[in-house]
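**Q** fold the stuff below for me.
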Amino acid sequence: MVRRTVALLALAASATAFTTSRSALPAPARAPVAAAAPEMKFRVCDLTGKRRNAKAMTVTFSHTRNHKVQQVNLQDRRLWWPEGDKYVKMRLSTRALKTIAKYGLNTAAKKYDVDLEQFAR
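**A** Numbering: from 1, shown residues only. Next comes the predicted model:
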């Protein structure tokens, strides 16, 4: 019994002799931080705010219903803004393009409460 206790104490003492605190260890070498990746823009119309429909369904011949995502039909456009006397670069849905064609860019922006100055180039 005494031998067992002495052996356990010797084992514990030798185990603590080999452990060191974290502050005594050298700091690991870190890789240089790369440039930040470009931000991904959501597929949202800049004028109307239209976004995807995530609740759409595909219905098969056997009437099995599966979820699908209907994305917005977005177009990158550079439009002339006569009131601001400059070009405006926006991501617009085709519905927004039809609205702009009907009412004009400035009237459509006022209708949807959009500041065109932030899209001006």
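
**Q** so how far is residue 69 from the spatially most central residue of the chain?
**A** Centroid check for the chain by C-alpha atoms, centre = their mean gives residue 40 as the closest residue, at 5.2 Å. Computed with C-beta to C-beta, to the nearest Å, the distance linking residue 40 and residue 69 is 16 Å. For the C-beta atoms, the positions are set from N, CA and C on the backbone; glycine is no exception.

**Q** before we move on, what about residue 106?
**A** The value you get for residue 106 to residue 69, if C-beta to C-beta is used, is 33 Å.

**Q** now residue 84
**A** Distance, residue 84 to residue 69, using C-beta to C-beta: 35 Å.

**Q** between those two, who's got more neighbours?
**A** Each of residue 84 and residue 69 has its neighbours counted (other C-beta atoms under 10 Å); residue 84 has more, 15 against 10.

**Q** so the more buried one makes contact with residue 117?
**A** Yes. Taking contacts as C-beta atoms under 8 Å, residue 84 lies within contact range of residue 117: 6.9 Å.

**Q** tell me the SS of residue 89?
**A** strand (DSSP: H, G, I helix; E, B strand; the rest coil).

**Q** what about the residue lying closest to it once chain neighbours are set aside, neighbour count?
**A** Leaving aside its sequence neighbours, residue 89 sits nearest to residue 78 (C-beta to C-beta, 6 or more residues apart in numbering; 4.9 Å). Neighbour count of residue 78, defined by other C-beta under 10 Å: 10.
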